[in-house]
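S.K.: Coordinates for the following, if possible.
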Amino acid sequence: MAEPTTTTTTTRPIKIIAAADDFGTPLKDALVSHLRSLNFQVQDLGTSSYYSAGADVGRLVSQSLSDTRGLVACGTGAGVSIFANKFPGVFATTCITTSDAINARSINNSNVLAVSGKYTSPETAINILDAWINTPFKSPCPANDNDPWPEQIQSFLDNSLTEMPEIGREDGKTKTPVDNCAVCCLIQNRELNPIDLIPGGSMKIIRESPTSAFVKFKAGSVEPAHHHTFGHDLVVIEGKKSVWNLTKEEKYDLTVGDYLFTPAGDVHRVKYHEDTQFFIKWDGKWDMFFDEDLDAAHKAIDKELIGNN
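M.R.: Numbering: from 1, shown residues only. All right, here's what the predicted structure looks like:
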């Protein structure tokens, strides 16, 4: 009887996108340094909340080609993998041992590795990362006593590449999600009015003094540096934005679920990286005082982004 053949996909990715929360950042930084020492192209998104780190990497891997993978880290490695897996085509796996990493690549074609900053040493994590990088899909693994997969299992694994992304779909189409967000329900079927002062923005006042509103901005939009006579609270419902508080010399990268309070009088500038929606609440009537024009804002943001790269 002929030995079963083992067909594998490309072993090593060309690019790896990395992010972590505060608990996972030291380990993520060590792994990024290791990857760069091996001449991998690494896009390091830095540090954010565990759900933002997972979601940001998951979103980018989902949008990328097959030669791009992700690396995420938090305290346990569980939270970041949960949020990365919310994006189609992403198979994030938390790995504590090298056997976990080999099994995840061989069986699940894992394209996002999640690691634990609290329970995994840098030395162990490097071994896990190396195993995960260098193991092809369908290769021999500890789950099969390191023997080649039988032909029927290989066939199952091949079919899983197309079947797994369809799980959760109905009749080949993505189910329309039910929007249970109380804020979103308030503005359904209501037209948002353009913000004349800022291209790309629109707003719907929901309640007056104290005031709440639902705001949308198109990807690439910029709010020039400005301030208000009121402090305001905001929660991001969709998308991703960066806020520079120029008064405090602080920057906040916000995505879905993130909250930010900006005190009255603080000068701040905003960049929208994606189509973004958020709920905002403030005391008193709406006002807005610009501290720079739109061209100056674009130049300042471009200068910072170039400097960071």
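
S.K.: separation between residue 98 and residue 257?
M.R.: 34 Å (CB to CB, to the nearest Å). Every residue, glycine included, has its C-beta placed from N, CA and C.

S.K.: let me fix that: residue 304
M.R.: 25 Å.

S.K.: Between the two ends of stretch 205-221, how far is it?
M.R.: One end of stretch 205-221 to the other measures 20 Å (CA to CA, to the nearest Å).

S.K.: for the chain, what helix or strand is lowest in average pLDDT?
M.R.: strand 173-174 (a mean of 48; mean pLDDT, DSSP states H and E).

S.K.: which residue is nearest the middle of the chain?
M.R.: In the chain, the residue lying closest to the centroid (CA atoms, centre = their mean) is residue 56, at 0.7 Å.

S.K.: just checking, it is part of a strand?
M.R.: No. Counting by DSSP: H, G, I helix; E, B strand; the rest coil, residue 56 is not part of a strand but helix.

S.K.: higher neighbour count, residue 98 and residue 257?
M.R.: Ranked by neighbour count (other CB atoms under 10 Å), residue 98 and residue 257 place residue 98 first, with 17 against 13.

S.K.: count of neighbours near the closest residue to that one other than its chain neighbours?
M.R.: Leaving out its chain neighbours, the residue that sits closest to residue 98 by CB to CB, 6 or more residues apart in numbering is residue 131, at 4.3 Å. Neighbour count for residue 131, taken as other CB under 10 Å: 21.

S.K.: got it, and residue 59?
M.R.: For residue 59, using other CB under 10 Å, the count is 21.

S.K.: Equivalent analysis for residue 256, please.
M.R.: So residue 256, with other CB under 10 Å, has 20 neighbours.

S.K.: give the contact list for it.
M.R.: 51-52, 55, 236-240 (CB atoms under 8 Å, 6 or more residues apart in numbering).

S.K.: Check residue 16 too.
M.R.: Applying CB under 8 Å, 6+ apart, we find residue 16 in contact with 35, 40-43, 68-71.

S.K.: so how far does stretch 140-150 reach from one end to the other?
M.R.: 10 Å.

S.K.: which residues of the stretch 1-150 of the chain fall in helices?
M.R.: 25-37, 50-63, 78-84, 98-108, 122-134 (DSSP state H, counting those that start in this stretch).

S.K.: closest one to residue 282 among those?
M.R.: Nearest of the helices of the stretch 1-150 of the chain to residue 282, taken as CB to CB: helix 50-63 at 24.2 Å.

S.K.: elements contacting that closest one?
M.R.: Helix 50-63 sits against strand 15-20, strand 41-47, strand 68-74, helix 78-84, strand 112-116, strand 250-255, with contacts defined as 3 or more CB pairs under 8 Å, 6 or more residues apart in numbering; DSSP states H and E.

S.K.: can you redo these as CSV with distance to residue 275 and mean pLDDT?
M.R.: Conversion of the helices and strands packed on helix 50-63 to CSV gives the following (distance: least, CB to CB, whole Å; pLDDT from 0 to 100):
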stretch, distance to residue 275, mean pLDDT
strand 15-20, 21, 95
strand 41-47, 19, 94
strand 68-74, 22, 95
helix 78-84, 19, 94
strand 112-116, 24, 97
strand 250-255, 12, 94
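
S.K.: would you turn those into a markdown table with distance to residue 160?
M.R.: Formatted as a markdown table, the helices and strands packed on helix 50-63 follow (distance: least, CB to CB, whole Å):
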| stretch | distance to residue 160 |
| --- | --- |
| strand 15-20 | 23 |
| strand 41-47 | 28 |
| strand 68-74 | 18 |
| helix 78-84 | 18 |
| strand 112-116 | 17 |
| strand 250-255 | 30 |
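
S.K.: Could you point out which of these sits nearest residue 91?
M.R.: strand 112-116 (6.9 Å).

S.K.: which other residues reach that closest one?
M.R.: By CB under 8 Å, 6+ apart, strand 112-116 touches 24, 27-28, 31, 54, 57-58, 61, 69-78, 80-81, 84-85, 90-96, 101, 104, 125, 128-129, 132.

S.K.: try 7 Å
M.R.: Contact with strand 112-116 is made by 27, 57-58, 61, 69-73, 75-77, 80-81, 84, 90-96, 101, 125, 128-129, 132, as judged by CB atoms under 7 Å, 6 or more residues apart in numbering.

S.K.: Okay, angle between it and helix 98-108 too, please.
M.R.: 160 degrees (axes from the mean of the first three to the mean of the last three CA atoms, to 10 degrees).

S.K.: Next one: residue 244 from residue 253, what distance?
M.R.: Relative to residue 253, residue 244 is positioned 10 Å away (CB to CB).

S.K.: So for residue 25, what's the nearest residue that isn't a sequence neighbour?
M.R.: Using CB to CB, 6+ apart, the closest residue to residue 25 is residue 47 (4.8 Å).
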